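Quick check, what structure comes out for this input:
(one chain, ligands or ions: 1)
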Amino acid sequence: MSSQSASAAHVSELKSKIEQGQAKVAVIGLGYVGLPLALLYSDGGFPVTGFDIDQRKVSTLNAGGSYIFRITVPEIERARNQGFTATSEYAQLESMDAVIICVPTPLNEYHEPDLSYITGTAQSIAPHLQPGQLVILESTTYPGTTEEVLVPILEKGNRFGLKAARGGDSDGKTFFVAFSPEREDPGNQTVARRDIPKVVGGVNPQASELAGALYGAIFNRTVQVSSPAAAEMTKLLENIYRCVNIALVNELKLLCLRMNLDIWEVIEAASTKPFGFHPFYPGPGLGGHCIPVDPFYLSWKAKEWDFRTRFIELAGEINSNMPYHVMDSVARALNQHKKALNGSKVLVLGVAYKKDIDDLRESPALTIIELLQKEGALVSYNDPYFPAVGRGRKYDLQMKCSPLNDLGQYDCVLIVTDHSDYDYERIVRESKLVVDTRNATRGIKSPKIVPC
Ligand SMILES: NC(=O)c1ccc[n+]([C@@H]2O[C@H](COP(=O)([O-])OP(=O)(O)OC[C@H]3O[C@@H](n4cnc5c(N)ncnc54)[C@H](O)[C@@H]3O)[C@@H](O)[C@H]2O)c1
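I've put the predicted structure just below:
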């Protein structure tokens with residue numbers, strides 16, 4: 001058999017293994033994206049191994065525990081009964097058929113893409129790469145990362161001189177590479193994960209076919225695009241669309257506040273238009289791993305092409321100014337009560353970056369707490385998802401969650417995250433002053449409420 005037909009045989013063998021749910025799937029990076037994905041494949045009957053460099057996560061999973069609030073212990077147990085295990089030993093990759101990479105892609109201190117997790121992962125995979133393996137990157141990143149960063153490391157570091165299959169060209173000395181963005185919306189209960197179509201772009205048609213089959217086994221719809229870069233750009237377009245539209249309503253909210261208009265009422269009314277309008281909502285600032293971060297991956301890459309992404313820069317400026325607006329609003333509201341921010345007791349309600357989730361990353365609450373503290377406010381916080389807030393990459397708060405039993409002791413209660421568990425009627429009734437950044441107190445009539 002020629003090496004070309006050997007490869008075609010390998011592709012069809014791997015495809016049928018996938019279709020029968022027998023392909024061994026490795027998920028690298030067992031965080032908010034990777035762990036649910038691993039569980040989804042396990043639920044689909046696939047033999048799944050999770051890889052993470054964080055020993056605490058590996059041990060927790062292997063002991064049947066969970067470290068993500070919305071993933072329950074019975075779900076982990078069910079996966080373990082299906083054969084799911086977690087490990088830090090990359091050598092175990094050698095027996096895998098497909099490898100899905102879900103590691104972080106943050107920004108560095110200069111607001112530039114930090115690809116060190118992707119490059120570190122690629123360097124760890126490379127020595128164990130096998131002919132015919134399928135490698136898929138899911139981490140959000142700029143167009144070009146898969147082919148310009150991931151593939152060269154895998155090609156350089158493997159033991160067999162393997163190359164990524166390109167064009168129609170694939171022989172027994174190739175592996176397959178694709179990019180498929182993660183589109184999860186944490187806390188969103190309205191769409192099941194398998195109902196979110198999966199966009200896939202392979203380096204060559206066989207990579208697209210195999211990646212399409214792998215996702216098609218779990219997700220109800222896959223959408224093929226022409227290249228990994230097109231798939232990378234698709235994800236960025238989605239997040240930039242959100243970022244820019246949120247900035248737009250944040251700016252219009254500031255104008256509405258000045259004009260004594262209620263932006264929430266206006267958005268609700270505009271949303272009745274059956275076409276051409278999609279509602280976005282203002283807030284205390286952007287949070288999470290995606291929307292505050294991903295657009296800057298593109299603006300950084302655009303500079304290589306001598307191009308300025310002005311919408312992204314402007315949206316970033318408006319959104320990152322929102323925590324300062326919140327601090328000013330608290331100061332003004334206290335002033336109305338003849339109090340200074342300096343020395344006032346402020347309770348921040350909700351520190352998660354959005355409601356009903358246990359994720360603090362890039363949360364505007366952290367910036368707001370720091371800004372209030374800098375002005376001399378005595379800040380406490382409450383969040384049912386966080387008994388304590390310690391040190392992160394960009395903050396060091398060392399605070400413990402305060403109970404909600406004596407709200408009258410605070411000069412101001414500041415609603416930053418509108419968790420569903422809060423009883424807003426009671427909060428307004430028992431507080432002296434409530435500054436509301438989320439319209440959480442909608443429908444409650446009280447002079448104590450200050451919209452922000
Ligand atoms: N969280 C979301 O809602 C979301 C949604 C869509 C896309 N994304 C994207 O998905 C990617 C992952 O995000 P996340 O939220 O799951 O991050 P996360 O921080 O929750 O998890 C990443 C995991 O990767 C592990 N890791 C880091 N380097 C590793 C290595 N070399 N080998 C093995 N494991 C390693 C970390 O220990 C961690 O457990 C990011 O690119 C993010 O932008 C996230």
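
Can you name the residues that contact F176?
11, 132-135, 164-165, 170, 202-204, 206-207, 210-211 (C-beta atoms under 8 Å, 6 or more residues apart in numbering). The C-beta positions use only the backbone N, C-alpha and C, and glycine is treated the same way.

In a strand, it, correct?
Yes: applying DSSP: H, G, I helix; E, B strand; the rest coil, one finds F176 inside a strand.

Cross the contacts of F176 against strands and list the overlap.
Here DSSP state E is the test, and the contacts of F176 give 134-135, 164, 202 as lying in strands.

right, and out of those residues, which lies closest to the ligand?
Nearest to the ligand, judged by C-beta to the nearest ligand atom, of those is V135 at 13.4 Å.

so the closest one makes contact with V177?
Yes: the pair V135 and V177 qualifies as a contact (C-beta atoms under 8 Å) at a distance of 5.1 Å.

can you list residues touching both of these two?
In contact with both V135 and V177: 150, 154, using C-beta under 8 Å, 6+ apart.

residues near N321, how many?
15 (other C-beta atoms under 10 Å).

Quick one: residues contacting K173.
Taking C-beta under 8 Å, 6+ apart as the contact definition, K173 lies against 3, 131, 160-163.

Out of these, grab the one that's most surrounded.
Highest count within the contacts of K173 by other C-beta under 10 Å belongs to L162, 20 neighbours.

list the contacts for that one?
Going by C-beta under 8 Å, 6+ apart, the list of residues near L162 reads 129, 131, 154-155, 173-175.

which intervals of this structure have sub-threshold pLDDT?
Scanning the chain for pLDDT under 70 picks out 1-7, 169-170.

before we move on, which element is the residue of it found nearest the ligand in?
The ligand sits closest to G31 of the chain, with a gap of 1.7 Å, by C-beta to the nearest ligand atom. Counting by DSSP states H and E, no helix or strand carries G31.

doesn't P104 make contact with it?
Yes: between G31 and P104 there is a contact at 7.1 Å, judged by C-beta under 8 Å.

which of the residues in stretch 397-409 are buried?
Of the residues in stretch 397-409, those buried under the neighbour-count criterion (16 or more other C-beta atoms under 10 Å) are 397, 399, 401-402, 404, 407.

Among those, which ones are in strands?
397, 399.

about what we covered before: out of the contacts of L162, who's nearest S431?
Among the contacts of L162, L154 lies closest to S431 (C-beta to C-beta), at 56.4 Å.

Turn the contacts of L162 into TSV, including distance to G283.
TSV is the format used below for the contacts of L162 (distance: C-beta to C-beta, whole Å):
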residue	distance to G283
L129	44
P131	49
L154	40
E155	44
K173	52
T174	47
F175	43
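
Quick one: buried ones out of those residues?
129, 131, 154-155, 174-175.

export those to JSON lines and tack on distance to the ligand?
Listed next are the buried ones among the contacts of L162 as JSON lines, based on distance: C-beta to the nearest ligand atom, whole Å:
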{"residue": "L129", "distance to the ligand": "15"}
{"residue": "P131", "distance to the ligand": "22"}
{"residue": "L154", "distance to the ligand": "14"}
{"residue": "E155", "distance to the ligand": "18"}
{"residue": "T174", "distance to the ligand": "24"}
{"residue": "F175", "distance to the ligand": "18"}
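
tell me the SS of G443?
coil.

That one: how many residues sit nearby?
7.

near the ligand, from the contacts of F176?
Contacts with the ligand are made by none of the contacts of F176, judged by C-beta under 6 Å from any ligand atom.

Among those, which one lies nearest to K303?
V203 (25.0 Å).

Just give the nearest non-adjacent residue to that closest one, would you?
V177 (4.6 Å; C-beta to C-beta, 6 or more residues apart in numbering).

Look up how far K17 lies from the one you found.
18 Å (C-beta to C-beta, to the nearest Å).
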